[in-house]
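*Asks:* Give the three-dimensional model of this entry:
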Amino acid sequence: MDVKNSNEIITEFISRCNFVQIYSDYSFSLFGAGDEFLGIGAEKSLDILYSSAIAANRVIGFFDNLPSFIPEYSTKGGCLLITKTLPAVVATPVLFCKSLDVFPNLLANALRISNEISLPVIIVVSDNIFNNFVKSSNNSYDHNRIAGYIYKQSFANKLTVEQFAEKMVTAEQLLNELMPNNDNYKEISFTEPEKPFINYILPLRSNEHPALIDVEVSKKEYDRIYKTLSTKYNLIVSEKTDSCSIASVGLKEYLCPGCPFLVYFTMQYDKSTLYFTDIDCKGMLKKYNINRVPFEYFIGINSSQLNVRTVFIGKASSFNSLYLSMLRSGSVVLLNDADYKSVNGFKKIKNIYKPFLDHNFVLLPYSCNNIKNYKPVSLKYSKCDKCADLDYPLCITETNCVALSYRYEKILVNKDLCTGCKACVTICRKAAIK
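*Replies:* From the prediction side, this is the model:
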């Protein structure tokens, strides 16, 4: 057996288990790797880790104070979140480690549980495990290397209450087998080595932890552990519903004239590509199959080479160019909402009517708030057959543009509304619009 400290145990665990994404707070002295995510903060770093795990990457994070979060999607790669402080809201299994001698096995168990239930697992560690040594044998860790992958429904199928409850039942069965709780303790402590402590807690199991009676604790220990333990964990995970329909906000089925998404998808759309955006436009999101997620999710998803092409479309003014160094795959399209002359690392596209798929990072000339006006289009009726083989003309059904209408068996162009984006020109099969 080798004598190892906590840092050596963690280093060996990370090496053997092939973690793709690793994050550590500067203040987390156990691992001491520093913040690998460019100083963007714990909440955004957690988003990156979680979304990377959704894309089948194995991830691990070390947080002094783990932000509260509720997982809405299943993970595929294994996700471990190690923290010194129990989050105020517990929405996933939590394991407690107050002694270094159980730490290696606990890490292995946590990874196994995360793989089994396809959710993150939190490990709360006590100060007792720091700067200590323990005799450690060669533990059996999961050495599997998982290739990153994602598919179109990954962000469409949110966890239901029933699915989450089933995962917690599985987690409880595993935990009872691997590290069962003893509910007979009258006094427990997470800091005093001679006193026992519970091994785990689960959401939806609010009344099953030991009674916290006759326990004198410091304010620090109370704030870090007991404050949350003393609350109820009645978790409700429900699918978000948007009660405000497209019609009720006055958008009906229309997009804004010159909509940059319309122009982009008219020229660049590829059915096999997964598209993401952080722009909240109900008309656009309804028309196109785009996943609305923070850009940090896109980083996590593309932290390794994926099985499909991915594209993120966002505003140039809110983009942090430092994020580019964290992408292992994926393309980024910026909508120039602030009339920038250039953005470092991006190809500025002047002619939006020509394909530019050969560029991974592009800057389009305008965004939703500063749509450019060009020469309005005109229609040559001698060429237009009004898409006689279809129920309705393609230029109208495919663009949803308010500048086009179909009346008196004619396609009409409202030149006051037309911005000259030429999306309809691209769609017309008879070259009747110019």
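*Asks:* Show me how the chain divides into domains.
*Replies:* Split into domains by automatic domain parsing, the chain comes to 2-229, 247-364, 374-434.
*Asks:* Export those as JSON lines, with columns for mean neighbour count and mean pLDDT.
*Replies:* Any C-beta I mention is one placed from the backbone N, CA and C, and that applies to glycine too. As requested, the domains of the chain are arranged in JSON lines below (neighbours: other CB atoms under 10 Å; pLDDT from 0 to 100):
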{"stretch": "domain 2-229", "mean neighbour count": "18", "mean pLDDT": "79"}
{"stretch": "domain 247-364", "mean neighbour count": "17", "mean pLDDT": "83"}
{"stretch": "domain 374-434", "mean neighbour count": "16", "mean pLDDT": "87"}
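*Asks:* in this protein, which spans are helices?
*Replies:* In the chain, the helices defined using DSSP state H lie at 6-17, 42-54, 103-117, 161-178, 219-221, 227-229, 260-268, 282-287, 295-301, 394-397, 423-427.
*Asks:* need those helices in TSV with distance to Thr191, can you?
*Replies:* Below are the helices of the chain laid out as TSV (distance: least, CB to CB, whole Å):
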stretch	distance to Thr191
helix 6-17	16
helix 42-54	23
helix 103-117	16
helix 161-178	23
helix 219-221	5
helix 227-229	14
helix 260-268	54
helix 282-287	49
helix 295-301	34
helix 394-397	66
helix 423-427	64
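*Asks:* Would you tell me which of those gets closest to Tyr73?
*Replies:* helix 42-54 (5.3 Å; CB to CB).
*Asks:* Show me what the closest one is packed against.
*Replies:* strand 21-24, strand 59-63, strand 79-83, helix 295-301 (3 or more CB pairs under 8 Å, 6 or more residues apart in numbering; DSSP states H and E).
*Asks:* Let me have those in a markdown table, extended by distance to Phe103.
*Replies:* Formatted as a markdown table, these follow (distance: least, CB to CB, whole Å):
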| stretch | distance to Phe103 |
| --- | --- |
| strand 21-24 | 16 |
| strand 59-63 | 13 |
| strand 79-83 | 10 |
| helix 295-301 | 26 |
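*Asks:* closest to Glu177 out of the ones you listed?
*Replies:* Nearest of the helices and strands packed on helix 42-54 to Glu177, taken as CB to CB: strand 79-83 at 19.1 Å.
*Asks:* what about the closest one, distance to the chain center?
*Replies:* Offset of strand 79-83 from its chain centre (CA atoms, centre = their mean, to the nearest Å): 16 Å.
*Asks:* Can you list the strands that that strand pairs with?
*Replies:* Strand 79-83 has the following sheet partners, assigned by DSSP bridges: strand 59-63 (parallel), strand 121-125 (parallel).
*Asks:* Ile352: which of these is closest?
*Replies:* strand 59-63 (37.2 Å).
*Asks:* one step back: among the helices and strands packed on helix 42-54, which is nearest Lys287?
*Replies:* Here helix 295-301 is closest among the helices and strands packed on helix 42-54 (CB to CB), at 20.7 Å.
*Asks:* can you list contacts of that closest one?
*Replies:* 21, 40, 44-45, 47-55, 57, 59, 150, 276, 278, 310, 312, 314, 318-320, 323, 326-327, 330 (CB atoms under 8 Å, 6 or more residues apart in numbering).
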